[in-house]
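>>> Got a predicted structure here, sequence first:
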Amino acid sequence: MKRVTTSVALISTLLATMLLAACSNNKETAGESSPANTATASSSQSAEPVSNDPLGKYPEPVTVTQVLGFRPPEEADALQGVTPETNGYIKDLKEMLNIELKYKWTVPSDQFDQKFNLAIASGDLPDMMMVDYNTFVKFKEQGILADLSEAYQNYASPTLRKIIESDGGFALKAMTSDNKLLGLASSGEGGVQVLWIRKDWLDNLGLQAPTSIEELEKVADAFVKNDPDKNGKNDTYGLALNKNFAAGWGFDAKGFFQSSGSYPFAWLKGADGKLIPGEIQPETKAALARLQSWYQSGILEKEFALKDEDKESEDLVAGKVGISFGEWWYPNWPLNLNKDKDPKADWIQLELPSLNGNPGKTLISRGIGAIMVVKKDFEHPEAAIKMANFFQELQKPKYVDKNSPDFKGPKTGYNYSWYQPRYYSGFKDIFLAVNEALDANKEKLELPEDFIGSGEAQTWFDAAKKYQANPKDNTAWGMYYSRVAKDGGIAVAEKIKEDKSKFVYNEYYGPPTPTQVEKGASLNKLTNETFTKIIMGSAQISEFDKYVEDWKKLGGDDITREVNEWYDKNAVK
Amino acid sequence: MKIIMARKRSIRLELPLHLMLIPGILVTLVYAYGPMFGIVMAFQKYQPFLGFLKSKWIGLANFEYVFNLPDFNQVLYNTFLISILKIFFALVVPLILALLLNEVAKDWFKRLIQTSIFLPFFLSWAVLGGVMIEIFSLNGPINAMLSGFGLERIMFMGSNQWFVSILVGSDVWKGMGYNMIIFLAAIVGINAHLYEAAEVDGAGKWKQMIHITLPGMAPIIILMCTLSLGGILNAGFDQILILYNPIVYESGDVIDTFVYRLGLFDQQYSPAAAIGLFKSVISVVLVTLSYYLAYRLSNYRIF
C-alpha cells in the first residue's frame, strides 16, 4: 500500500515537472485573457427597451465570468492583500454598471496559456475572453463567436471608438467577417525607419544632410576618410551595421533596404495583386550589390558580421560611427550615452533617402493586439463593450492623478493590469497635448477631463521640463528628443505615416504558415548566409540568382502560395 | 541464529545511511529519469495544449524531416569534426601538461602554474566570447602582431579556414586545467617505490615516464576517453552560439545550434526531441563500444 502511495507521489512529481517544462516553453502570447462563464444573465431583461448609454447601469445584476492570468502588482506602493477578486475595478464595475465580474479561475500569468489551452481543448469556453490573433482565427472558423456589430454601434463610447478606429478602421475590418464584428481589438504599427546622423560631424566637414542614397554614400565616405571627429586619427567608419542586418531590432540595414525599394522578410503586393516575398526581388539584389561596394570601400566595418545589436551600439556610443538607420527611440538609448561621452555629439534624424529620384518608403508592419471575443450564446454582448467603456472612463485625469481625491490606482487597491478588456491609444494625441502645454510655457500639464493617456503625457512633460532646465541632462534629452521634440523621433515618424507616398504596408500579418514552420529555419539560414557572403565579397553578386532558385525550391514557393491563400481569405484590403 | 541477529543489527546500523541516499535518488529520478518521458514527443506531432496523451502519433516522420533538412549532412559533419578534434586535444594537451608539471621541482612554481591554467575553466563563454572576438578582431593584438611581422591581417572569426581551429583551441585552453588536475592526481597515485626501483636500475626521467608514469595512468586516460566519447555529438553549444556568425555557418554550424534556430523559429518541439534522441542513441552506442574496447585492449572496467 505504502509503495503504491509513494509511486503515485513520484509519478505525479514527474508529471508536474514535465508540465512545468512544457509551460515554460510556451511563448507568451496575448497575456492575460479571460473567458467568462456562460453568464447567467437574467433572461427576463432581454425584452426591455435598451438604453444606449455607454455606461448605463443594468437594473438587474448581469454576471460575466472571465478567466485570468495575473502577476503581482509592479508598483511598490500597491495596496497589500488585494487579489483579482477584490480589485477596485471589480467593485466599481458592480457599482457603476451593475455587472458582476466573476473569475472561473485565476492563475499566475506564466501558467495561463497552458490552462487556457486546456479550457479550449475541453470545450469549456467562457463568454468573454481576450485571445491572440491565431486563436481568434481558430474560433472564427469554429463559428463560436458572438456578433458584436450591434453592441459596438450602440454602446461604444466616443473614447473607445477613437482608440479602436484610430487606425482608420483596419482592426475593425480585420475582425469583421460576413459583416459580423467577431472581436474587438486595436491594431499596432511597427516602427518607422529613419536615418540618424551626427550633425556635428556633418558640420565639421562642411557637408549637407543627405537626401538620397548617392549623397549618403558621399557623406559616409567622407566620414570614413576625412576624420569627421577631428581627433587626428583614422578611427571612424561610415554606416552602423550588425550581423542581423536584415531583420534585427536596430543599427541594421532595414532602412537601407527600404530606401532601395527592397523589403526582405516582408510581403508586399506585386503588380498582379498577389503578395510577393521581399527577399528574392531584384531590388534586394541591387541593394546587396551596393552594400558589397560599400564594404569594399570601407564604409561598412570589416567585421560587422561578428557583432550583434548590443555590440554595434557600443560603436555608436564610442563615437566610431556617425550614421545609423533605425527607429524613433534611439535618443533614449544609445544616443544619450554617446552624448554623455562626447558633449559635442549632436544627432539629427532624417527621413529615408531616395534612390534614383524615388523617395525611400519605410515598411510598416501592422499587428492586431489582444482581441476581446464573446461567446455566441452569451446574452449580453453589449456588457463586454460597456466593460471596455468602463476601463476608459477610469483612465480620466481625475482618476490617474495621484494628487486627486478621486485617485484610483494601485495605492488605493485598483490594479489596472488585472482588468480586461483594456485598450490604449497611440502617441499622437499625447504628443500634441504635451507640445501645446510647452509652447504656452505652462508650468503644469493640464489635460481635458476625457484625455486618453494622461499618465504617459505627464511623464513626457516632466522630462521636457527637466531638459529645458538643464540641457546637459542627457537622459532627459533622450526622453525629450525621442518623444516630445518637434523634429524628434515620434514627430518625424508620425509625419511619415501621414504621407502615403512615404510608406508601404507589410501585407501579411497572419500566423506562420505550415511551411514556414517546417522550412523557415532552413530558409532563414540560406538567406542570412547568402546575403552576408555577398556583402563581404566572399560570394559574387551573381550568387543571388542561384539563391532565388534555391529559396523557391526549398519551400519558398509553398510559403508564397500559403501566404496568398491567407491573404485572399482573411486580409483587410 | 547468530547470523540473523548480526544481519538485523547491521541493517539497523546502516539504515540511516540508506535513508540518506533517498534525496539523491529522488533528485535523479525527477530530473534525470522524469524528463525521459519527453522522448515520446519525438514520435508525435506534439502540440502543447493537447499534451502527450492526445498529440498525434506520427511514427518516424520527425526523424525523416530532420534528416532531410537541406543542411543536415553539413551540420552533422561539422559536429563530428569539431567534437573529435576537441576530444583528442582535450586529452593530449592536459596529459602533456600534467607530465611536464610533475617534473617541476619548485612547489610554489608548480602551484602557480596549476592555478593559472585552471582559472579559465571558471569563466563562462558569454564573457570569454566577447574577449575572444576582441583578441582575434582585425584590430586586436593577434593581428597587430601579424602585421608587425609584415604579414597580412586575417579575419579569424569570419574565415571558414580558421574558425574550427579557434573553436578547438579556445575550448582546449579553457578546459585543460580540469583534466590536467585529474591526470596529476593519477600520477600522484602511482607507487613511489616503482620510481626508486627504476632509478636503481639506471632509468632516466624519460624512461621513467615512458615505462612507469604512462602505464600507471592508463586506466584514467582510458576512462576519460570513454566518458568524453559519450558527448561526441555535443560540439559545444554555448561556445559556438556566441562565436559564430552567418559567414562561418559552413564550418561552424553544429546540430545544437541548428536545433536552437529551429526551435526558436516556431517551437518545433518534436523535431528537436527527435534530434535529441538521435544524439543520445549515438552516444550510447559509442560509449558501449569504447567500453568494450577498453576492456578487450587493456582489460579495464569502469563499472
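Here it is on my side, so go on. Numbers count the residues shown, from 1 in each chain, chains lettered A, B, ... in the order given.
>>> any idea of the pLDDT on the closest residue to chain B within chain A?
The nearest approach of chain A to chain B comes at A:Asn117, 2.9 Å away (Cβ to the nearest Cβ). Every residue, glycine included, has its C-beta placed from N, CA and C. Looking at A:Asn117, its pLDDT stands at 79.
>>> Equivalent analysis for B:Thr288, please.
Looking at B:Thr288, the pLDDT reads 87.
>>> quick one: low-confidence ranges for the chain?
Since no chain was named, I'll use chain A. For chain A, the stretches with pLDDT under 70 are A:1-51.
>>> Can you look at chain B instead?
Using pLDDT under 70, chain B drops low at B:1-3, B:47-51, B:263-267, B:298, B:300-303.
>>> quick one, strands of it?
In chain B, the strands defined using DSSP state E lie at B:44-45, B:56-57.
>>> Also the stretch 251-400 of chain A?
A:267-269, A:275-277, A:321-326, A:347-350, A:362-368, A:371-374 (DSSP state E, counting those that start in this stretch).
>>> so what's A:Trp249 closest to, chain neighbours aside?
Nearest residue to A:Trp249 in three dimensions, chain neighbours excluded: A:Glu309, at 5.9 Å (Cβ to Cβ, 6 or more residues apart in numbering or on different chains).
>>> again, but for A:Gln296
A:Gly537 (6.3 Å).
>>> so how far is whichever strand or helix holds A:Asp200 from its chain's centroid?
Element membership of A:Asp200 [criterion: DSSP states H and E] is helix A:199-204. Relative to the centre of its chain, helix A:199-204 is centred 33 Å away, using Cα atoms, centre = their mean, to the nearest Å.
>>> Downstream of that helix, the next helix or strand is which one?
helix A:213-225.
>>> and the following helix or strand past that following helix with chain B, contact?
Downstream of helix A:213-225, the first helix or strand assigned by DSSP H and E is strand A:237-239. No: Strand A:237-239 stays clear of chain B (Cβ under 8 Å from any Cβ of the partner chain), getting no nearer than 11.5 Å.
>>> list the helices and strands the helix or strand containing the residue of chain A closest to chain B packs on?
For A:Asn117, the host element (DSSP H and E) is helix A:109-121. Helices and strands touching helix A:109-121, as assessed by 3 or more Cβ pairs under 8 Å, 6 or more residues apart in numbering or on different chains; DSSP states H and E, comprise helix A:2-25, strand A:62-70.
>>> any idea how far the shortest one is from the chain center?
Pointing back at strand A:62-70 there. On Cα atoms, centre = their mean, the centre of strand A:62-70 falls 26 Å from that of its chain.
>>> List the pairing partners of it within its sheet, with orientation.
strand A:99-108 (parallel) (DSSP bridges).
>>> and the partner strand with helix A:109-121, angle?
110 degrees (axes from the mean of the first three to the mean of the last three Cα atoms, to 10 degrees).
>>> Out of the strands of chain B, which gets nearest to chain A?
strand B:44-45 (11.2 Å).
>>> Which of the three states applies to the closest residue to A:Ile280 other than its chain neighbours?
Using Cβ to Cβ, 6+ apart and skipping the chain neighbours, the partner closest in space to A:Ile280 is A:Val548 (4.5 Å). Three-state assignment for A:Val548 (DSSP: H, G, I helix; E, B strand; the rest coil): helix.
>>> Grab the CA positions of stretch A:331-346 and hand them over as PDB.
The C-alpha trace of stretch A:331-346 is given here as PDB (Å, rounded to 0.1, in the frame of the first residue of the first chain):
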ATOM      1  CA  PRO A 331      17.900  59.200 -28.400                       C
ATOM      2  CA  ASN A 332      16.600  57.400 -25.300                       C
ATOM      3  CA  TRP A 333      19.300  54.800 -25.900                       C
ATOM      4  CA  PRO A 334      22.100  54.700 -27.000                       C
ATOM      5  CA  LEU A 335      22.400  58.200 -28.300                       C
ATOM      6  CA  ASN A 336      22.100  59.700 -24.800                       C
ATOM      7  CA  LEU A 337      25.100  57.600 -23.800                       C
ATOM      8  CA  ASN A 338      27.100  58.900 -26.800                       C
ATOM      9  CA  LYS A 339      26.300  62.500 -25.600                       C
ATOM     10  CA  ASP A 340      27.400  61.600 -22.100                       C
ATOM     11  CA  LYS A 341      30.800  60.500 -23.600                       C
ATOM     12  CA  ASP A 342      31.100  63.300 -26.100                       C
ATOM     13  CA  PRO A 343      29.200  66.500 -25.200                       C
ATOM     14  CA  LYS A 344      29.800  67.800 -28.700                       C
ATOM     15  CA  ALA A 345      27.800  65.000 -30.200                       C
ATOM     16  CA  ASP A 346      24.600  66.200 -31.900                       C
END
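>>> Quick one: distance of that stretch to the chain centre.
26 Å.
>>> can you give me the end-to-end distance of stretch B:229-248?
End-to-end distance for stretch B:229-248: 25 Å, by Cα to Cα, to the nearest Å.
>>> hang on, the earlier thing: could I get the buried residue list for the helix holding A:Asn117?
A:Phe112, A:Asp113, A:Gln114, A:Lys115, A:Phe116, A:Asn117, A:Ala119, A:Ile120 (16 or more other Cβ atoms under 10 Å in any protein chain shown).
>>> One more: stretch A:368-385?
Buried, per 16+ other Cβ under 10 Å, within stretch A:368-385: A:368-376, A:378-385.
>>> Need the distance between the two termini of that stretch.
End residues of stretch A:368-385 are separated by 18 Å (Cα to Cα).
>>> from memory A:Ser538 sits against B:Val248, does it?
No: A:Ser538 lies out of contact with B:Val248 (Cβ atoms under 8 Å); the separation is 10.5 Å.
>>> how close does the residue nearest to A:Asp406 when sequence neighbours are not counted get to A:Trp460?
With Cβ to Cβ, 6+ apart as the criterion, A:Asp406 has its nearest non-adjacent residue at 4.9 Å, and that residue is A:Lys398. As judged by Cβ to Cβ, to the nearest Å, A:Lys398 and A:Trp460 stand 20 Å apart.
>>> between those two, who's got more neighbours?
Shown here are A:Lys398 and A:Trp460; by other Cβ atoms under 10 Å in any protein chain shown, A:Trp460 has more neighbours (25 against 13).
>>> show me the contacts for that one.
Listed by Cβ atoms under 8 Å, 6 or more residues apart in numbering or on different chains, the contact set of A:Trp460 reads A:Ile430, A:Phe431, A:Val434, A:Met479, A:Arg483, A:Val484.
>>> Tell me which of those residues fall in helices.
A:Ile430, A:Phe431, A:Val434, A:Met479 (DSSP state H).
>>> Can I get these in TSV including neighbour count and distance to B:Ser116?
Shown next, in TSV, are those (neighbours: other Cβ atoms under 10 Å in any protein chain shown; distance: Cβ to Cβ, whole Å):
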residue	neighbour count	distance to B:Ser116
A:Ile430	25	58
A:Phe431	21	58
A:Val434	26	58
A:Met479	24	47
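>>> residues touching A:Gly369, list them.
A:Ala30, A:Ala171, A:Ala185, A:Ser186, A:Ser187, A:Gly188, A:Tyr423.
>>> What of B:Phe88?
By Cβ under 8 Å, 6+ apart, B:Phe88 has no neighbours at all.
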